[in-house]
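**Student:** any chance you could fold what I've pasted below:
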Amino acid sequence: MQEVKKPDKKPWVFYYIIALAVVIFLNFLIIPIMESRQIEEVDYGTFLDMINEKNIGLVNIEDNQIVFTDESEENIYKTGVLNDADLVNRLYEAGATFSSEIVEETSPFVSILLGWVLPIVIFVAVGQLMFRRMSSKLTGGENAMQFGMGKSNAKVYVKSTGGVSFDDVAGEDEAKEVLS
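**Tutor:** Model prediction:
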């Protein structure tokens, strides 16, 4: 007779790991490839040529790069930042719309508070909560009997006070030993 085996159910963690792997794959491989194909990297000279030809649309000047479009705003380009004191005047004369990122710095006190103090407080609070729960279960708190902890299977036997009679040992082969 053949035994019918039920298929093993995979734990839910297995499916979460697969979903996480897919998300990581998309974030680190596919999306950067798609974004890099959309933005064309050019040298600073090409950027200046496009300004001189007045073929420039939106310009965003960041700390480490300049992202800009052509006049029709169909193509997106990027180039590195150079010390060019006359850049703003050239962009204005070319009729480009330009801006720079606004860097807002937080105060050092808030930065230390959010970066160091808050995580430490959270870890200490969670640790204290876990310690209290564990100690209450081990010392006999309200749910100390959970999981069978504290239960004893020992049985108490009390010696008979009435003695042993012939009826108690009738039919036993070792009746003489029991009566003595």
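**Student:** what ranges does the protein have for its strands?
**Tutor:** For the chain, applying DSSP state E gives strands covering 39-41, 58-61, 65-69, 76-80, 97-100.
**Student:** just those strands: most buried one?
**Tutor:** strand 65-69 (a mean of 19; mean count of other Cβ atoms under 10 Å). The way it works is simple: take the backbone N, C-alpha and C, and place the C-beta from them, glycine included.
**Student:** any stretches of the protein with poor pLDDT?
**Tutor:** 1-10, 35-37, 140-153, 158-164, 166, 168-171, 173-180 (pLDDT under 70).
**Student:** quick one on the thing from earlier: any chance of the strands of the chain in a markdown table, plus distance to S135?
**Tutor:** Converted to a markdown table, the strands of the chain look like this (distance: least, Cβ to Cβ, whole Å):
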| stretch | distance to S135 |
| --- | --- |
| strand 39-41 | 58 |
| strand 58-61 | 57 |
| strand 65-69 | 56 |
| strand 76-80 | 59 |
| strand 97-100 | 57 |
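**Student:** from N27, how far out is the most centrally placed residue in the chain?
**Tutor:** Nearest residue to the geometric centre of the chain (Cα atoms, centre = their mean): L20, 10.2 Å. Distance of L20 to N27, computed by Cβ to Cβ, to the nearest Å: 11 Å.
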